[in-house]
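S.K.: after the sequence you'll find the predicted model.
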Amino acid sequence: MKITIDNYEAYILDRIEGNLSAEGQKELDAFLVSHPELQDVASQYDPSLRLLPDMDEVFADKESLKRYEPTAISYKHWFSSHKLGIISAAACVAVLFGAAIWLFNQPKADLTIAETPLPVVKEDNVITKEASAPSIAAMPRVKKAKSNVKTPQINSKDSIIKSDKLVIYMSDKLVKYEISTTKLVLYHSDKLVVYDTATKSDLNIFKPDDRRMIVENISLRLDTLQEKLLAYVPKPIKNLFNN
Amino acid sequence: MTENDYNDCVNEQSDRLFRFLTGLSADSPKAKDVMQDVFLRLWERKSEVEVSKARAWMFRTAYNRWIDLQRHNKFLVGGDESALQCQKTENAYSDLRQVLNEALRTLPDVQKSVVLLRDYEGYSYDEIGKILSLSEQKVKVYIFRARTALKAYIGKIENVI
């Protein structure tokens, strides 16, 4: 190949690295004689100049680059390798099924309407067994008395029902109701707790942990006309107001 | 190339490729983007890429991807020549490697690539030509020009090593 102004550096490089034939050397010398402005080019090349990689510079997140094919496992292989798990799962299903049948056959709880006046709130904002006064046992029991109560609509979860003084807030299983503008009452299976809404000012004060205070098998109804809280509770109800 | 071959490539080549790309770009996030892209393409084409040629394939793909990205950026912002000039003068250099890295950034992409593949990876001129789709003679020309430019940038040095 003929030496030109576009490739002469390759020949100079070959000569510096000892890879240029005698014939090539002659051609290069002739070329440089004919181009005196390029005579010093070779001296500008430093063969010892080398870039060194920084070995501490690494790609740290190699795992993000790794990939795996979806694994296809034959049914037989899968069954043999998961035999114990399958048997365990089947046993669990059988136990759960049996428990469900047993529960289904239990006599239904006899709902009692406990008509109670609004509880008195103590200074510590917690209604104790004594403070909540009305013994459930002493409450008048009215069976199938729904027609006597103006039942508010508490049909959908997360519904808020308001009256002048009373608010009921139903959120999934958590039942909250507000008795007045300053007191918020949370009702759960064995306590009646009153919070002062002066410090907990809205209905969103309940954190996820509060969901532990779930009212099981209790439904609340509000008589907005008489400002009475009606708690529909199942038997037994002896622990309802216990600490 | 199997799944295991691919993941071996990740273990063995990702650091090399990353250094090559950071040498090209001096921009770690961009280098990581190109890395992800290269390995994704390798995974998609693993049935076509031979294990013995995977390394060269990755460097070629990384270079092409980088060039595409540069063209796209130049189209968007009109190139970054001025930025390079600023880098050239504003820093007080603490060591020779840093000086060389700064000097490297002033080179055209193709010159950067040939000198990185030669010095970092030890590829022959012929191999570099195949990776970058250049003739061997053209590779030598670019190597010569790159080293001459580096020397002119940093001044006279006896030995970088």
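M.R.: Okay, I see it.
S.K.: from A:Leu28, how far off is B:Arg55?
M.R.: The spacing between B:Arg55 and A:Leu28, counted by CB to CB, to the nearest Å, is 34 Å. Every residue, glycine included, has its C-beta placed from N, CA and C.
S.K.: now A:Ile12: closest residue in space that isn't a chain neighbour?
M.R.: Excluding the flanking residues, the one nearest A:Ile12 by CB to CB, 6 or more residues apart in numbering or on different chains is A:Ala42, at 5.0 Å.
S.K.: mind pulling up the pLDDT for the one you found?
M.R.: With respect to pLDDT, A:Ala42 has a value of 84.
S.K.: ok, it - contacts?
M.R.: A:12, A:15-16 (CB atoms under 8 Å, 6 or more residues apart in numbering or on different chains).
S.K.: what values do phi and psi take at it?
M.R.: Backbone torsions for A:Ala42, taken as degrees, to the nearest 10, come to phi -60, psi -30.
S.K.: then B:Leu107?
M.R.: The phi/psi pair for B:Leu107 (degrees, to the nearest 10) is phi -80, psi 150.
S.K.: is it in contact with B:Ile143, as I believe?
M.R.: No: assessed by CB atoms under 8 Å, B:Leu107 is found out of contact with B:Ile143, at 11.1 Å.
S.K.: okay, and the common contacts of those two?
M.R.: B:Val115.
S.K.: what's near enough to touch B:Leu69?
M.R.: Here B:Leu69 is in contact with B:30, B:33-34 (criterion: CB under 8 Å, 6+ apart).
S.K.: give me the pLDDT for B:Gln137.
M.R.: Looking at B:Gln137, its pLDDT stands at 94.
S.K.: roughly how far apart are it and chain A?
M.R.: 5 Å (CB to the nearest CB, to the nearest Å).
S.K.: where's that residue, which helix or strand?
M.R.: helix B:136-154 (DSSP states H and E).
S.K.: got the CA positions of that helix in PDB?
M.R.: Extracted in PDB, the C-alpha atoms of helix B:136-154 (Å, rounded to 0.1, in the frame of the first residue of the first chain):
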ATOM      1  CA  GLU B 136      -5.600  -2.400  10.900                       C
ATOM      2  CA  GLN B 137      -3.800   0.500   9.300                       C
ATOM      3  CA  LYS B 138      -6.400   3.000  10.400                       C
ATOM      4  CA  VAL B 139      -6.200   1.700  13.900                       C
ATOM      5  CA  LYS B 140      -2.400   2.400  13.900                       C
ATOM      6  CA  VAL B 141      -3.000   5.800  12.600                       C
ATOM      7  CA  TYR B 142      -5.500   6.600  15.400                       C
ATOM      8  CA  ILE B 143      -3.200   5.100  18.000                       C
ATOM      9  CA  PHE B 144      -0.400   7.200  16.800                       C
ATOM     10  CA  ARG B 145      -2.500  10.300  16.800                       C
ATOM     11  CA  ALA B 146      -4.000   9.600  20.200                       C
ATOM     12  CA  ARG B 147      -0.600   9.100  21.900                       C
ATOM     13  CA  THR B 148       0.900  12.100  20.200                       C
ATOM     14  CA  ALA B 149      -2.100  14.200  21.400                       C
ATOM     15  CA  LEU B 150      -1.800  12.800  24.900                       C
ATOM     16  CA  LYS B 151       1.800  13.700  25.000                       C
ATOM     17  CA  ALA B 152       1.200  17.100  23.700                       C
ATOM     18  CA  TYR B 153      -1.500  17.600  26.400                       C
ATOM     19  CA  ILE B 154       0.500  16.500  29.400                       C
END
